[in-house]
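Participant: Below is the sequence, then the predicted model.
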Amino acid sequence: MIHEILPVGILQCNCSVFGDEATREALVVDPGDDIARVLEVVDRHGLNVKAIVITHAHIDHIGGAQKLKQATGAPVYMNLNDIELQKMLDVQAAWLGMRPPAAVEIDQPAKDGDLLALGSTAFHVLHTPGHTPGSISLWIPTERKLVAGDTLFRDSIGRTDLPGGDGRQILRSIHDKLLPLPDETVVIPGHGESTTIGREKQFNYFLQDM
Ligand SMILES: [Zn+2]
């Protein structure tokens, strides 16, 4: 499996490009911005984007989705509990002093338990609300990877003080959905360095009472 992580935009959101070597299909997670760079990675590997997955509807994760959709024709997957936030992209842009990005239509709802296939690799959708009501994580068991959006970070967890955030819910999501994954699972957070489930169980201050 091809996998490149590109920090994009002013908030350096980790955008992931996954590519299947056999089918040359790609799945792009969180194309927040810098779509020219995302497409450069896609082209360099000779891939066709088959799906665009949004972990949650914050502007730094979804801001470039419409541009990427226009360039590739790929459908956009997102959990519909984030529709309210997605409708507020202009408000979110104002918080950051940015111009609002083009609005994107969601083509497929991403629900807990869904499986997205990329070649022979299955991406499991885990609904992990708390940072936002529709936050999802993608677990790829055969790659031993978890794309965690802004739910779990190296040494931290997602903020819950923005509209729709819930501090108890994010801890429940992490406890119920993420910590049961194998310790060696590599966690790719929405921002910053990768980590593992085992490392966060051991060292993450926010998870010590679990
Ligand atoms: Zn966020």
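Facilitator: Received, thanks.
Participant: now for the helix or strand of the chain with the lowest mean pLDDT, which elements pack on it?
Facilitator: One helix or strand of the chain scores below all others by mean pLDDT, DSSP states H and E: helix 89-96, with a mean of 92. The contact analysis (3 or more CB pairs under 8 Å, 6 or more residues apart in numbering; DSSP states H and E) places helix 89-96 against helix 59-62. (Glycine included, C-beta is placed from N, CA and C.)
Participant: re the thing from before, just checking the distance from the next helix or strand along the chain from the least confident helix or strand of the chain to the centre of its chain.
Facilitator: Per DSSP states H and E, the first helix or strand lying C-terminal to helix 89-96 is strand 108-109. Strand 108-109 sits 15 Å away from the centroid of its parent chain (CA atoms, centre = their mean, to the nearest Å).
Participant: how about the helices of the chain, start to end?
Facilitator: For the chain, the helices defined by DSSP state H occupy 35-44, 59-62, 65-72, 83-87, 89-96, 167-173, 197-203.
Participant: With respect to Leu11, which of the ones you listed lies nearest?
Facilitator: Across these, Leu11 has its closest neighbour in helix 59-62 (4.0 Å, CB to CB).
Participant: most centrally placed residue in this structure?
Facilitator: Centroid-nearest residue in the chain: Thr55, 3.4 Å away (criterion: CA atoms, centre = their mean).
Participant: Now do the same for it: its pLDDT.
Facilitator: For Thr55, the model assigns a pLDDT of 98.
Participant: For it, give me its contacts.
Facilitator: 29-30, 61, 135-138, 147-151, 190 (CB atoms under 8 Å, 6 or more residues apart in numbering).
Participant: ok, how many other residues are close to the closest residue to it other than its chain neighbours?
Facilitator: Closest residue to Thr55 apart from its sequence neighbours, by CB to CB, 6 or more residues apart in numbering: Gly149 at 2.9 Å. Using other CB atoms under 10 Å, Gly149 has 29 neighbouring residues.
Participant: what separates Gly149 from Val29, distance-wise?
Facilitator: In this view, Gly149 and Val29 are 8 Å apart by CB to CB, to the nearest Å.
Participant: Repeat that for Arg154.
Facilitator: 18 Å.
Participant: What of Thr132?
Facilitator: For Thr132 relative to Val29 (CB to CB), the value is 15 Å.
Participant: Looking at these two, which has the bigger crowd around it?
Facilitator: Thr132 (31 against 25).
Participant: and that one, what are its phi and psi?
Facilitator: Phi and psi for Thr132, reported as degrees, to the nearest 10, are phi -140, psi 160.
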